[in-house]
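Engineer: Give me the fold of what follows.
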Amino acid sequence: MNIKFLATLFIIFSIATFAQQPEKITFKDTSNFYYKIVPEGKPAGLIVILHGGGESPERVMNQIYLDELAVEKNLIVVFPGFEDGDFKMDIERKFLDRIAKDIVEKHKISKDKISIGGLSYGGMLAVKYAEIAVRDKNTYFTPNSVFALDPPLDYEKMYYQLNRDIERNFSEAAVNEAKSFRKEMIEALGYPDKNKENYIKESMFLYTEKDGGNAKYLMNIPVLMYTEPAIIWQMNNRGRDLYDTNCISITAMMNLLKLKGHKNADLIIVNDRGVRPEGFRHPHSWSIMDPEECVNWILKHLNQ
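Structural biologist: Below you'll find the model as predicted:
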């Protein structure tokens, strides 16, 4: 029996056996939506799970069982779906406000009991929402905790990495992604050597800033980061080295938070765990997360 067939069987089995079926919530004034899963008991909190770029909530639900574990612990779980958004994530953040307000008012949970996290772009959004909640104090809630899987965090570093991907021209996937993202970045922020203030304001973390830029606003919020460096895979499949991985910025930010006295900045580095649901190896995947470990970490902070 091959891996792809096993993955398909797992997806079908997980959907068929999940007691609480997701409810899709749509709106007339936006193409964005979300899925909601509500426990049978009194809800004790909310987990917001954010998909990565190019993904959908449906695809995420077919890859993880963090939601099932959370619902068993009487947590509401939502999977936002972003059909509309912008590089600075303003549209996405406002939609997260809307979702949280809907859940809090309908299910009578505390705004202090909301955890948020995601993979890649979803992880970026989770971190950014938390930082802006503290920095600007204009969001509906301040996350109780944040978890993220291999998120890019430093736009300045990313700009130069994208340039290297294009110049090396090693991987068609890497080049196409780099050209698209670089175009969006320049249109939104300009060039880092000429528009440094934009990069300071919008980056989740900036290594060239002594205080880490916006990372300083995470000091009182528990943060859990997963990453898989997979250097040999990166070299063989993307023509990248360690400087090109998200691992560099993730470890730098978490180290800075710890050096500044953050007591709940937890970093988990894994090896050979990243596999896509189709069965092929890829370190930038939901599978790098241990669901039991993650939900227990979330519950620990929700219950404090």
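
Engineer: beta partners for the closest residue to Phe27 other than its chain neighbours?
Structural biologist: Closest residue to Phe27 apart from its sequence neighbours, by C-beta to C-beta, 6 or more residues apart in numbering: Phe33 at 7.0 Å. Glycine gets a C-beta too; all of them are placed from N, C-alpha and C. Listed beta-bridge partners, Phe33: Gly81 (assigned using DSSP bridges).

Engineer: Centroid-nearest residue for this structure?
Structural biologist: Gly123 (1.6 Å; C-alpha atoms, centre = their mean).

Engineer: pLDDT score for that residue?
Structural biologist: As summarised for this prediction, Gly123 has a pLDDT of 98.

Engineer: Show the contacting residues for it.
Structural biologist: Residues in contact with Gly123, defined by C-beta atoms under 8 Å, 6 or more residues apart in numbering, are Leu50, Gly52, Gly117, Phe147, Ala148, Leu149, Asp150, Pro151.

Engineer: pretty sure the third one is in a strand, no?
Structural biologist: Looking back up the chat, that one is Gly117. Yes - according to DSSP: H, G, I helix; E, B strand; the rest coil, Gly117 belongs to a strand.

Engineer: isn't it right up against Pro151?
Structural biologist: No - counting by C-beta atoms under 8 Å, Gly117 does not reach Pro151; the two are 9.5 Å apart.

Engineer: what residues do these two have in common as contacts?
Structural biologist: By C-beta under 8 Å, 6+ apart, the residues touching both Gly117 and Pro151 are Gly123, Ala126.

Engineer: Which secondary structure element is home to the nearest residue to Lys73 once chain neighbours are set aside?
Structural biologist: Leaving out its chain neighbours, the residue that sits closest to Lys73 by C-beta to C-beta, 6+ apart is Leu299, at 6.0 Å. Element membership for Leu299 (DSSP states H and E) is helix 291-302.

Engineer: for Phe147, same thing?
Structural biologist: strand 145-149.

Engineer: From the contact counts, what lies against that strand?
Structural biologist: Using 3 or more C-beta pairs under 8 Å, 6 or more residues apart in numbering; DSSP states H and E as the contact criterion, the elements in contact with strand 145-149 are strand 114-119, helix 121-135, strand 223-227, helix 291-302.

Engineer: quick one: the helices in the stretch 151-300 of the chain?
Structural biologist: Assigned by DSSP state H, counting those that start in this stretch, the helices in the stretch 151-300 of the chain fall at 155-168, 172-189, 196-202, 231-238, 246-259, 291-302.

Engineer: tell me the pLDDT at Thr17?
Structural biologist: Looking at Thr17, its pLDDT reads 45.

Engineer: Ignore what I typed, I meant Trp286.
Structural biologist: Taken from the predicted model, the pLDDT recorded for Trp286 is 98.

Engineer: right, and it touches Val60 too?
Structural biologist: Yes - in this structure, Trp286 sits in contact with Val60. The criterion is C-beta under 8 Å, and the distance is 6.8 Å.

Engineer: re the thing from before, which residues are in contact with the helix holding Leu299?
Structural biologist: Applying C-beta under 8 Å, 6+ apart, the set of residues contacting helix 291-302 from outside is 44-45, 47, 64-66, 69-70, 73, 75, 113, 115, 117, 144-145, 147, 222, 224, 264, 266, 268.
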